[in-house]
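[1] show me the folded form of this:
(one chain, ligands or ions: 1)
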Amino acid sequence: MIPYVELQTQFKSIEQEIRAAIDAVLESGWFILGEQVRAFEREFAAYLGAGHAVGVASGTDAIHLALRAAGVGLHDEVITVPNTCVPTVCGIIASGASPVFVDVDPRTLTLDPAKLAAAITPRTRAIVPVHLYGHPCDMDPILEIAREHNLIVVEDCAQAHGARYKGALCGTFGHVSAFSFYPTKNLGAYGDGGAVVTSDARIAEQLRMLRNYGEERRYYHSVEGVNSRLDEMQAAILRVKLLHLDEWNAARVRLAGAYNDALAATQVAIPHSAPWALPNHHLYVVRAPHRDALQAHLKEQGIGTLIHYPVPIHLQAAYRHLGLQRGAFPVAERACSEVLSLPMYPELPSDAIPIIARAIAGFHP
Ligand SMILES: *Cc1c(COP(=O)(O)O)cnc(C)c1O
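    Residues are numbered from 1 along each chain as shown. Modelled structure (predicted):
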């Protein structure tokens, strides 16, 4: 049995540090917006080389509040891609803005800069490029178009902790960046969590108010805020795990290399890595024409897989009101019918990979 993901082995490897960190919070008697959150915000901003990090309750809230802090909201349009995780769009809609989709590059499956300009209208205020699967978007042309049209760029870094584009870390390109610490992300809490990163002090100040009922100082509220805070317990856990992020990402890179070699002679297409990309391999996603049958075959062999994602956002029932039809974004739609995520986590035993490759090679549709 090779599970799609398991988090216990990693926990066991850092158990003492984690238990000590949780104990310290319990002993402190302080659970919301305290020393652990402040320290994590400092350490995460330093890791990225960014000015400010603001802890929030989730990656979805990070996108929502990043947009609001940058002044995006009602009557605005925000451009993103249709093959992202639904929370990207939940965050855009929570800000009051409307999502507008742009199709993706057929190799990287990230926002296709060549299709961006055509989606811009007088109402467009922001672009949310998604570093999908931990592979960076082609940021240079995206930033150039954003500059030309005076648009805010909010990077969705929920899958991109530690990934690099032309040598620089994802999360340092846009005006604001949104991170998720959902447990299975490359930097994962033991519960929900997120952070917004920015080098703009004014946006950071807005975010600190927005996440805490819009409070400027105790009981004085200068903006309409929400309750969306990273809690002390999760911040303490994340401080421990941040110290291991680079080593865990390096393990993923080694595993991805082993997968690439082992799968070269099989019928699946291995993930494309652009020459300017240093992906963090959050997911290892192959493409297979008979994807559903392959997934069933692997399940029979005891190999867990997932599909990220089977239905593009514009074809989800919840977003029917956007009025978009099948065929609107052919590259994303085709990807959704072919992608298959194989087991990928730093503790995946490397001898699992030849077993998975043999199981794939033994599949005959
Ligand atoms: C996980 C994820 C999110 C949302 O994060 P949550 O912490 O679950 O709210 C947003 N965008 C992408 C691309 C994600 O993978």
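[2] what ranges does the stretch 151-300 of the chain have for its strands?
    Remark: strands assigned in the stretch 151-300 of the chain by DSSP state E, counting those that start in this stretch are 152-156, 164-165, 168-169, 176-180, 194-198, 215-217, 220-221, 277-278, 284-287.
[3] make a markdown table out of those strands and add distance to V72 and mean neighbour count.
    Where C-beta positions appear, they are placed from N, C-alpha and C, glycine not excepted. Below are those laid out as a markdown table (distance: least, C-beta to C-beta, whole Å; neighbours: other C-beta atoms under 10 Å):
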| stretch | distance to V72 | mean neighbour count |
| --- | --- | --- |
| strand 152-156 | 6 | 27 |
| strand 164-165 | 23 | 20 |
| strand 168-169 | 24 | 18 |
| strand 176-180 | 10 | 30 |
| strand 194-198 | 13 | 31 |
| strand 215-217 | 21 | 13 |
| strand 220-221 | 21 | 10 |
| strand 277-278 | 27 | 21 |
| strand 284-287 | 30 | 22 |
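[4] can I get the ones you listed in CSV with mean pLDDT and distance to E77?
    Shown next, in CSV, are the strands of the stretch 151-300 of the chain (pLDDT from 0 to 100; distance: least, C-beta to C-beta, whole Å):
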stretch, mean pLDDT, distance to E77
strand 152-156, 98, 12
strand 164-165, 98, 25
strand 168-169, 98, 28
strand 176-180, 98, 17
strand 194-198, 98, 21
strand 215-217, 93, 30
strand 220-221, 93, 29
strand 277-278, 98, 28
strand 284-287, 98, 29
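[5] quick one: these as a markdown table, columns for distance to T121 too.
    As requested, the strands of the stretch 151-300 of the chain are arranged in a markdown table below (distance: least, C-beta to C-beta, whole Å):
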| stretch | distance to T121 |
| --- | --- |
| strand 152-156 | 15 |
| strand 164-165 | 27 |
| strand 168-169 | 30 |
| strand 176-180 | 22 |
| strand 194-198 | 26 |
| strand 215-217 | 34 |
| strand 220-221 | 34 |
| strand 277-278 | 30 |
| strand 284-287 | 32 |
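[6] mind listing what the closest residue to F363 other than its chain neighbours touches?
    Nearest residue to F363, sequence neighbours excluded (C-beta to C-beta, 6 or more residues apart in numbering): H297, at 4.6 Å. With contact set as C-beta atoms under 8 Å, 6 or more residues apart in numbering, H297 has these partners: A359, G362, F363.
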